[in-house]
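> Would you be able to build a 3D model of this:
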Amino acid sequence: MRIPTSTYRIQFNSAFTFNDAQKIIDYLAELGISDFYASPIFKARAGSTHGYDIVDPNLLNPELGTEEEFESLVSKIQQDGMGWLQDIVPNHMAYDSQNSMLMDVLENGPNSVYCDYFDIDWNHYYEDLRGKVLAPMLGDFYGNCLENGQIQLQYEESGISVNYYSLKLPVRLESYLKFLTQNLNKLTRHLGRSHPDVIKLFGILYLIKNFPEEVKNRERYAQTMFVKDLLWELYNQNPEIKEFIDNNINDFNGEAGNSESFNLLDSLLAEQFYRLSYWKVGAEELNYRRFFTVNELISIQIQEFKVFETNNELIGKLVESGKFTGLRIDHIDGLYDPTNYLERLREKMGDVYITVEKILELEEEMPDYWQIQGTSGYNYLNYLNGIFCKQDNQQKFDDLYQGFTKIGKSYEQVIDHCKRLIIERNLAGDIDNLAHLLKIVANKTRRGNDFTLYGIRKAIAEFLALFPIYRTYINKDGQRHTDKEYITSVIKEAKEKTPQLANELDFLEKLLLLEFDENLPQADKDQWYHLVLRLQQYTGPLMAKGVEDTAFYVYNRLMSLNEVGGHPGYFGISTNDFHKFNQEQRKIWLHKMNATSTHDTKRGEDVRTRLNVISEIPEEWQQQIQTWSKINSSKKKSLPGLSVPDANDEYLFYQNLIGAFPFNESEEAEFTTRLKDFIIKAIREAKVHTAWLRPDNTYEEGCLAFVEEVLKPSKDNQFLKELKPFVKKIAEYGIYNSLSQTLLKSVSPGVPDFYQGTELWDLSLVDPDNRRPVDFELRSSWLKDIKQKAQTDVLSLISELLSTKEDARIKLFLTHKLLEARTQYLDLFKEGDYLPLEATGEFQDNIVALVRQYEGKVAIAIAPRFLTQLIQPGEYPLGEVWRDTRIDLPQGMPSTWKDAITGQTIQIDGKVVIAEALKHFPVALLVSQG
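Below you'll find the predicted structure:
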């Protein structure tokens, strides 16, 4: 197995192709990256900016380049000795016309060869969805779209299709009968019944009318193609038949303003294997599983062997040929049976590096029996980020936040409210589906026979709302003790909150813990298993949408903590917990990934390092926001009982403003546009005054006007005069936080992962802002210059980098030096033991330090934090400012060390004097010599 030394994530799209990637491989190799880490590269919906909306998993995305260009990129990567870690998507595909497998299902229904490929309930309890799949793709009510002429039939070589803007859906062959018999008598009279083409047309009608329902797939496809080819031939060869078909298209398409003229089309649409509907219907009535709450992403049944093999055909070939040396599994918790999937994947892919996107709560353990190398790094991100939040100031921030926003709810109360909101508004249809499944199972038992659908639904909703983690992993092999603990604990809490549902909740507990009734037939057991596996699929989407995509925009106490996999209710993480986490990971998940920014993070890593500075200065922060709010009060729009933005959204705005404010004035105009886009997304995600499902234009326009007004460039803008000096100060301290964060990520157990462009300052906001183009030419030229200067006079270079630290070359320099050290001392950082170090002296709490040790080689990492109490703006955290702060080393440590960053040799006699170790650079990585 190839274990990466470091990974670098690239976001592919039509603006960054295989050819573009090939141009940066030498730069990545020079930087010190060992493994190229790619976003999904398989055929996605046209224009996709992220690649997760796949339409064919066995084709490369043509928008990224040709197969030859892909092979050329692979060759270049291998030439530079790098590996390829590939992000794959086993959970879903795009619900799109370009998805030929799905279109086959929509055309042929249960007779499609891909009928079982997608997670569709063909026997739904709603009669109008039975034998169909919901297509919630309309921008308005079905009747409005129909009668406005927005839904139209078209005819072309592939057959008759239903079109709604870019959406093109097939028409089942049986419906051609309705279409072709319209005005048929008129055509027959005109051409005569004995006309050869009329006879052919009647032959087509006969074939369609006598199409046997039990026909096997291959025969059905053959007959369908024969009918379509014959009709297309008639259309092209006979002008009268062409006119007949074109006139029928016009008749079916109706006339806007004449509702009766759409009866034909309405009747034809009613016959299809899909039901077109308003997109909002998907929140409440649904018979297919989605990715989270996204209608346009339909889940697949990867648990079916045929689907697994099909979905992994090309991936398997690329792994077998050595082109892919690792796999990152997207959204592992969305799968029916993650454990079974990973077992199959390991068996198919062999000894290849595998990580999973897995969100873990604090102290939650991932199943240690999974044959993988670990997670993609969100758990590490939040532990690392947390140690830069000053825990001592929690009460001050509680008071400050509550005083400014007048919000009295605790974080736990916010989560509970937001999860229940998602259950009622966004997942109502999914909960109903689970309730109907549970009722079927319950009706077959004595204890559950009298349960009503209403009671069952309430019990499921209560259980899901209180569930504290993404999911459990119970399957036919049983459950972990931790799975059982979570379930019994939640059921107990649910019964305390809703004692009237005690019987239903007891049954739900019995069900989830697989406590079957005696003599239960195997068929009923299988149905029981299915319900348990299905129910576990929905705790994750609720956590994602209820917590990360709602509560994280409502509870804004300190937004550096509101991160994917984060725990904003905890005001930071202690260094002891950070070290304990690293030691545990070293034992179990030695080669997992360590991330600080990803394509999914809520804000860039250097936005967080700035916001963490605020945790050190609550009094000054309070003074600032009060001043800003007073200045900007006249710029708010007044609505009945409300100012726009409200205090909580205003508080959110100020934090993200200072966190992402650009270093360069030339970027400020673009930044205003970016911030406006962010604010709209944030307030819609919060779902308080507006939402994606129910946008409030008045509130949104008020927020946009506020942002525009307060950031308007003007000599008279008092807010900007007050803001910029504070941003400058925070940004300066944030730089030092960032350097410490980069160091710790690079030396902790695991594989450091770098998101594209983050070797310079990463001041991006939530997607799509974090997918903006990266200037690799600038980074490459800077790296060459840095390497050249480092070879001649590294201390002069460092002095230059410190004096111009705002341009981010100092972070690029540090990143390169750390990756160079990882490569040079490969076994030390990959396999080495981990030992926490404690500082003593005046600024002992301002130092995070650790040891990595392997077969006689030792490295000490020293990372400062909380520097607002150490230096004034404009000063450097170097040398004598550290006074008597030191680290006493364990006995037997070497005496001669070299700083891998500055190249300086240091003599140490049992203790590291911080003033000496940090004499030239704000962080240190000391490696033993001799």
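
> Contacts only, for residue 257.
The neighbourhood of residue 257, defined by Cβ atoms under 8 Å, 6 or more residues apart in numbering, consists of residue 147. C-betas here are computed from N, CA, C, even on glycine.

> scratch that, residue 174
Counted by Cβ under 8 Å, 6+ apart, residue 174 has contacts 208, 211, 271.

> Apply 10 Å and report the result again.
Residues near residue 174 by Cβ atoms under 10 Å, 6 or more residues apart in numbering: 109, 208-209, 211, 213, 271-273.

> Which ones among these map onto helices?
Counting by DSSP state H, the contacts of residue 174 place 208-209 in helices.

> Write the ChimeraX selection for whichever of the contacts of residue 174 are buried.
Only the buried entries of the contacts of residue 174 go into this ChimeraX selection, using 16 or more other Cβ atoms under 10 Å:
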select :109,208,211,272,273
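
> From the contacts of residue 174, which one has the minimum pLDDT?
Lowest-confidence member of those: residue 213, scoring 69 (pLDDT).

> buried ones in stretch 218-234?
Neighbour-count burial for stretch 218-234 [16+ other Cβ under 10 Å]: 220-221, 223-224, 227-228, 231-232, 234.

> Identify, from the residues you listed, the entry nearest to residue 564.
Nearest to residue 564 out of the buried residues of stretch 218-234 is residue 221 (Cβ to Cβ; 43.9 Å).

> Contacts only, for that closest one.
Residues in contact with residue 221 (Cβ under 10 Å, 6+ apart) are 104, 108, 111-113, 215.

> and with 7 Å instead?
Listed by Cβ atoms under 7 Å, 6 or more residues apart in numbering, residue 221 has no contact partners.

> Is it within a helix or a strand, and which one?
Element membership of residue 221, judged by DSSP states H and E, is helix 217-237.

> What are the structural domain limits within the chain?
Following automatic domain parsing, one finds the domains of the chain at 7-91+302-376, 100-291, 383-394+555-732, 411-548, 825-930.

> May I see those organised as a markdown table, with distance to residue 814 added?
Formatted as a markdown table, these follow (distance: least, Cβ to Cβ, whole Å):
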| stretch | distance to residue 814 |
| --- | --- |
| domain 7-91+302-376 | 11 |
| domain 100-291 | 37 |
| domain 383-394+555-732 | 13 |
| domain 411-548 | 30 |
| domain 825-930 | 7 |
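
> Looking at the ones you listed, which is nearest to residue 768?
domain 7-91+302-376 (6.3 Å).

> just to revisit the earlier point, quick one, which of the domains of the chain is nearest to residue 808?
Nearest of those to residue 808, taken as Cβ to Cβ: domain 383-394+555-732 at 8.0 Å.

> Give me the neighbour count for residue 98.
Here the number of neighbours of residue 98 (other Cβ atoms under 10 Å) works out to 17.

> need the contact list for the nearest residue to it once chain neighbours are set aside.
Closest residue to residue 98 apart from its sequence neighbours, by Cβ to Cβ, 6 or more residues apart in numbering: residue 55 at 4.4 Å. Contacts of residue 55 were listed using Cβ under 7 Å, 6+ apart, and they are 43-45, 93-94, 96, 98-99.

> Quick one: classify residue 55 as helix, strand or coil.
strand (DSSP: H, G, I helix; E, B strand; the rest coil).

> how close does it sit to residue 841?
Distance of residue 55 to residue 841, computed by Cβ to Cβ, to the nearest Å: 61 Å.

> Same check on residue 347?
55 Å.

> Also residue 143?
Distance, residue 143 to residue 841, using Cβ to Cβ: 75 Å.

> The two: which has the busier surroundings?
residue 841 (16 against 12).

> State which helix of the protein is the longest.
helix 718-747.

> What is the distance between it and the centre of its chain?
With Cα atoms, centre = their mean, to the nearest Å as the basis, helix 718-747 stands 26 Å off its chain's centre.

> Give me the helices and strands touching it, please.
Counting by 3 or more Cβ pairs under 7 Å, 6 or more residues apart in numbering; DSSP states H and E, the packing neighbours recorded for helix 718-747 are helix 378-386, helix 605-614, helix 618-632, helix 647-660, helix 809-824, strand 857-864.

> buried ones in the following helix or strand past the fifth one?
The one in question is helix 809-824. Next helix or strand after helix 809-824 toward the C-terminus (DSSP H and E): helix 826-831. Within helix 826-831, the residues that count as buried by 16+ other Cβ under 10 Å are 828-830.

> before we move on, the earlier item: as CSV, the contacts of residue 174 with distance to residue 668 would be great.
Below are the contacts of residue 174 laid out as CSV (distance: Cβ to Cβ, whole Å):
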residue, distance to residue 668
109, 56
208, 64
209, 69
211, 65
213, 66
271, 57
272, 52
273, 53
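
> Could you report the distance from residue 695 to residue 689?
10 Å.

> where in the protein is pLDDT low?
213-216 (pLDDT under 70).

> Tell me which residue lies nearest the centroid of it.
residue 600 (4.4 Å; Cα atoms, centre = their mean).
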